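Colleague: no FASTA, just this:
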């Protein structure tokens, strides 16, 4: 007999609340990125997911709207990349599927690594106006992660829709977390090859 | 003060359980697709989301593993495309982030319309081995939906990873649901343009 659940439900790591509480709203892009990279590091140290984190911030004030981390293997869900978690939490909080809706401040997604093919698409639909990334796709590939076939001109695709993109912010610090994960023998999960 | 929720939680429409119960495992691809298209139609009729549905099935037996519908505007979340819901539910049920893992039967995603840029990426990470689609991207575009910048060779990208793709199954029936939605004045939501 087929059973249909009534909800989709994902648990967030317990440490995320206390870590989020340490954030001091900052107008410095580097500080916002270092806060996000700190969450990625903590996710590795606590063994709660892959070495990736992402946050949604208000552009003007630097206020934190949501903080997400990769939860793929702990929540057993391939859609739970950090960017997806951050977008879902921000939209839950603001009760809006469009974070760029009228009457809202502009929002920025700060992510510790460039988005994969799925998250690239998700960013388009989320309504965020700015994307800020730490590690480059090649850095994630260097430890074995596959980012999938994004369009070669993915940055131009975002910018053509009014989404400003800044890449490589605090790249070295973001790469250190990837290296930490690789050294600790963390799971690398990718698409099937056949 | 920043508040971090402990969970991400999305409610599924109440009618989904009884509708899912009507499915009789079928080895006919057309029948599986018509069941999925029926869910898309019901989603429009019940005003619980956009005109899209998707199901995960076991390839050999035709057993239904999960059924998802588009919930973007009712759950206020841009990530809740039908394919994402179906993949999340299937992985919850099987406690696995990889639906193609060892010891598992092969799984197929049957979706009432070709995937958008986000869902294309999600399919890669989900572990499904077959993708079957109803309406074409141009059919969704014809009523105003934007599927985003998928790679032009998205089918080849899936096939090069061992994922068999069949498009246009019961396309006319799938298009009828899109037309029904357009006539009923359903919300069209897309990426921001600036």
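Modeller: Structure's in. What do you need? The shown structure was predicted, so the numbers you read here are calculated from the model rather than taken from an experiment.

Colleague: low-scoring stretches of chain A, by residue?
Modeller: Chain A contains residues with pLDDT under 70 at A:1, A:190-194.

Colleague: what helix or strand is residue A:66 on?
Modeller: Applying DSSP states H and E as the criterion places residue A:66 in strand A:64-69.

Colleague: ok, the very next helix or strand once past that strand near chain B or not?
Modeller: Scanning forward in sequence from strand A:64-69, with DSSP H and E defining helices and strands, the next element found is helix A:82-94. Yes. Among the residues of helix A:82-94, A:84, A:85, A:87, A:88, A:89, A:91, A:92, A:93 lie within reach of chain B under CB under 8 Å from any CB of the partner chain. C-beta here means a position set from N, CA and C on the backbone, and glycine is covered the same way.

Colleague: what comes up buried for helix A:82-94?
Modeller: Along helix A:82-94, the positions that meet the burial threshold by neighbour count (16 or more other CB atoms under 10 Å in any protein chain shown) are A:82-94.

Colleague: so can I have CSV of the residues you listed showing distance to residue A:177?
Modeller: Converted to CSV, those look like this (distance: CB to CB, whole Å):
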residue, distance to residue A:177
A:82, 11
A:83, 16
A:84, 19
A:85, 16
A:86, 16
A:87, 21
A:88, 22
A:89, 21
A:90, 22
A:91, 26
A:92, 26
A:93, 26
A:94, 28
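
Colleague: how about residues contacting whichever helix in chain A runs longest?
Modeller: Looking only at chain A and at elements set by DSSP state H, the helix with the highest residue count is helix A:29-45. Where contact means CB atoms under 8 Å, 6 or more residues apart in numbering or on different chains, the residues beyond helix A:29-45 that reach it are A:13, A:15-16, A:19, A:22-23, A:26, A:49-55, A:57, A:62, A:64, A:67, A:69-70, A:82, A:110-112, A:132, A:134, A:166, A:169-170, A:173-174, A:176-177, A:180-181, A:184, A:186.

Colleague: check stretch A:175-183 too.
Modeller: If you take CB under 8 Å, 6+ apart as the criterion, stretch A:175-183 is touched by A:37, A:40-41, A:44, A:50-51, A:112-113, A:135, A:139-140, A:142-144.

Colleague: buried sites along stretch A:25-43?
Modeller: A:26, A:29, A:32-43.

Colleague: and stretch A:100-108, by the same measure?
Modeller: Burial within stretch A:100-108, assessed by neighbour count using 16+ other CB under 10 Å, is assigned to A:100, A:107, A:108.

Colleague: now do the same contact list for the closest residue to residue A:126 other than its chain neighbours.
Modeller: Spatial nearest neighbour of residue A:126, chain neighbours left out: residue A:87 (4.6 Å); criterion: CB to CB, 6 or more residues apart in numbering or on different chains. Going by CB under 8 Å, 6+ apart, residue A:87 touches A:56, A:66, A:68, A:99, A:109, A:122, A:123, A:126, A:128, B:78, B:79.

Colleague: the fifth one: neighbouring residues, count only.
Modeller: The reference is to residue A:109. Residue A:109 sits with 30 neighbouring residues when counted by other CB atoms under 10 Å in any protein chain shown.

Colleague: ditto for the one 3 residues further on
Modeller: Other residues lying near residue A:112 total 35 when counted by other CB under 10 Å.

Colleague: also residue A:152?
Modeller: Burial of residue A:152, expressed as a neighbour count using other CB under 10 Å, amounts to 9.

Colleague: likewise for residue A:96?
Modeller: Taking other CB under 10 Å as the criterion, the count of residues near residue A:96 is 18.

Colleague: am I right that it is in a strand?
Modeller: No. Using DSSP: H, G, I helix; E, B strand; the rest coil, the assignment for residue A:96 is coil, not a strand.

Colleague: these two touch, right, it and residue A:104?
Modeller: Yes. Contact status for residue A:96 versus residue A:104: in contact at 7.0 Å, counting by CB atoms under 8 Å.

Colleague: common neighbours of those two, please.
Modeller: Common contact partners of residue A:96 and residue A:104 (CB under 8 Å, 6+ apart): none.

Colleague: quick revisit: from the contacts of stretch A:175-183, which single one is nearest chain B?
Modeller: Of all those, chain B sits closest to residue A:50, with 10.8 Å by CB to the nearest CB.
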